[in-house]
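Q: Sequence and predicted structure, then a few things I'm wondering about:
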Amino acid sequence: MKYLFLILSLILFSCSNSEKENDRIVGTCSSPNPAKPSKSEILFDAQGGVDSVTITGWIDEGFDNCRYIYNDYDDCKGNYCFSPGIILKIKCKWFVATRTDETTIHVLVNQNETGEERKHFIKVQRGNCFSGFWIIQSAE
């Protein structure tokens, strides 16, 4: 019986230690949020255009119909390349967001001929901190 208690204790202590180790490696979210982009929204009129946002985190993949391009694709050649597995570009039907250096994302928006406002949220993560910014294009 005391061996069972000893084994259970070791398991519990080893789990709590690994969680603390993971917190130390990944980090915890603090104020101010290090994942916070320089703008919460990038606004475009119906003609489209180009703008940029500064971030200190990494782009997260969303659940949508966009294509996420990582630096291990051929698209990385000749462009800015970041650590393996980091998203360099997001290609959607009406916009393209491209990471051009460690902190800058350029956003190119096509002309809006739908007659409706378009919106897309780009998620950003750094450690255990999450944030993001909206790409918003008016209908007119």
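A: Noted; the coordinates are in hand.
Q: What residues of stretch 32-41 count as buried?
A: Within stretch 32-41, the residues scored as buried using 16 or more other Cβ atoms under 10 Å are 33, 34, 35, 36, 37. No exception for glycine: its C-beta is placed from N, CA and C like everyone else's.
Q: and of those residues, the nearest to residue 60?
A: Comparing these against residue 60 with Cβ to Cβ places residue 35 closest, at 9.6 Å.
Q: which of the buried residues of stretch 32-41 sit farthest apart?
A: So, the buried residues of stretch 32-41 by Cβ to Cβ: farthest apart are 34 and 37, at 10.8 Å.
Q: Please name the nearest non-neighbouring residue to residue 118.
A: residue 137 (4.5 Å; Cβ to Cβ, 6 or more residues apart in numbering).
Q: I'd like the buried residues of stretch 32-41 written out as JSON lines, with distance to residue 119 and pLDDT added.
A: Conversion of the buried residues of stretch 32-41 to JSON lines gives the following (distance: Cβ to Cβ, whole Å; pLDDT from 0 to 100):
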{"residue": "33", "distance to residue 119": "22", "pLDDT": "70"}
{"residue": "34", "distance to residue 119": "25", "pLDDT": "71"}
{"residue": "35", "distance to residue 119": "20", "pLDDT": "77"}
{"residue": "36", "distance to residue 119": "19", "pLDDT": "82"}
{"residue": "37", "distance to residue 119": "16", "pLDDT": "90"}
